[in-house]
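**Student:** Prediction below, plus the sequence it came from.
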There are 2 protein chains.
Amino acid sequence: MSNATDCELCNAPGGDVVYQGTQFRVVLVDDAQYPGFCRVIWRDHVVEVTDLNELDRMLMMDVLWQVETVVRDVMQPKKINLASLGNVVPHLHWHIIPRYADDAHFPSPVWATAQRVTPQDAIEARRALLPALRDALALRLASYL
Amino acid sequence: MSNATDCELCNAPGGDVVYQGTQFRVVLVDDAQYPGFCRVIWRDHVVEVTDLNELDRMLMMDVLWQVETVVRDVMQPKKINLASLGNVVPHLHWHIIPRYADDAHFPSPVWATAQRVTPQDAIEARRALLPALRDALALRLASYL
């Protein structure tokens, strides 16, 4: 089961590809409110983490920790949010979201109702870090095949 | 850093404890809409997954996969949702949520606005599985210290 014809993540990158490996890719999500929002997307059309064999699972999670580490280092968030949901697109992928006290939903999850408008200068300051984030992710992930 | 005086998850179990290990516990969450909702809670007051050393991280994630496997087996959900958020309680814990097409928020995350009222007979049928879920989790987790 490596591809599903009607699956959005089988047919499109799902974001701005920062790293393309043989078994997974890492993308930057184009979300105006959340600069630095990344996804780790498994290549094959697998639904749940526990559908992976143990080695693949360890690989995927190791990638997640590398991405979390880089996002923490570069984006300096107040908190990291991690989630594997896939109710709409049941193709294994993880969300890595840097959160800040002034972001649109804090302290609620980003899927809840927005609580405020993030100050534009804060958004701009975070967006300014994206080139450094891309570079740091590419460097960190270069050790994977 | 093993305890924080004002932390809810340092001071209270955070749910109905199904398994208490030396480094983590697994609890059933009392959520009327989501029978089978579990949490894996790290014992020490650590904020992010990448604050754990590699062995502890592997242990925690292995527990998560054991819980996911049991929840899938017993609850037979349409999808599993996993998340580590901690914006309100920044003490490392994972949510494992069995999702169904007729649940209150599907296909949105459970933190979004509810889309419907789940039929009461569906909720009751899921609640009826909780004793089996408790037993299966206790059995599966008994191999951990």
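**Tutor:** Yes, it's here. Residues are numbered from 1 along each chain as shown, chains lettered A, B, ... in the order given.
**Student:** Any chance you could list what contacts the longest helix along chain A?
**Tutor:** Using DSSP state H, we find that the single longest helix of chain A is helix A:54-75. Outside of helix A:54-75, the residues that reach it under the criterion CB atoms under 8 Å, 6 or more residues apart in numbering or on different chains are A:21, A:23-24, A:26, A:35-36, A:38, A:40, A:42, A:49-50, A:52, A:77, A:80, A:82, A:92, A:94, A:96, A:98, A:126, A:129, A:132-133, A:136-137, A:140-141, A:144, B:48-50, B:57-58, B:61, B:65. C-betas here are computed from N, CA, C, even on glycine.
**Student:** Show me which of those residues are buried.
**Tutor:** Buried members of those, scored by 16 or more other CB atoms under 10 Å in any protein chain shown, are A:24, A:26, A:35-36, A:38, A:40, A:42, A:49-50, A:52, A:77, A:80, A:82, A:92, A:94, A:96, A:98, A:126, A:129, A:133, A:136-137, A:140-141, B:48-50, B:57, B:61, B:65.
**Student:** among these, which are in helices?
**Tutor:** Those of the buried ones among the contacts of helix A:54-75 mapping onto helices are A:126, A:133, A:136-137, A:140-141, B:57, B:61, B:65, per DSSP H.
**Student:** Pick the one among those closest to residue A:3.
**Tutor:** Ranked by distance to residue A:3 (CB to CB), these are led by residue A:141 at 22.9 Å.
**Student:** Now do the longest helix of chain A, average pLDDT.
**Tutor:** Across helix A:54-75, pLDDT averages out at 97.
**Student:** List the buried residues in that helix.
**Tutor:** By 16+ other CB under 10 Å, the buried positions in helix A:54-75 come out as A:56-57, A:59-61, A:63-72, A:74-75.
**Student:** And for stretch A:102-121?
**Tutor:** Those would be A:103-112, A:118, for stretch A:102-121 by 16+ other CB under 10 Å.
**Student:** distance between the ends of it?
**Tutor:** End-to-end distance for stretch A:102-121, by CA to CA, to the nearest Å: 11 Å.
**Student:** All the strands of chain A, in order from the start?
**Tutor:** Listed in chain order, the strands of chain A (DSSP state E) span A:16-20, A:24-28, A:38-42, A:79-84, A:93-99.
**Student:** can you list those in JSON lines and add mean pLDDT and distance to residue B:5?
**Tutor:** Below are those laid out as JSON lines (pLDDT from 0 to 100; distance: least, CB to CB, whole Å):
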{"stretch": "strand A:16-20", "mean pLDDT": "96", "distance to residue B:5": "40"}
{"stretch": "strand A:24-28", "mean pLDDT": "98", "distance to residue B:5": "38"}
{"stretch": "strand A:38-42", "mean pLDDT": "98", "distance to residue B:5": "34"}
{"stretch": "strand A:79-84", "mean pLDDT": "98", "distance to residue B:5": "20"}
{"stretch": "strand A:93-99", "mean pLDDT": "98", "distance to residue B:5": "24"}
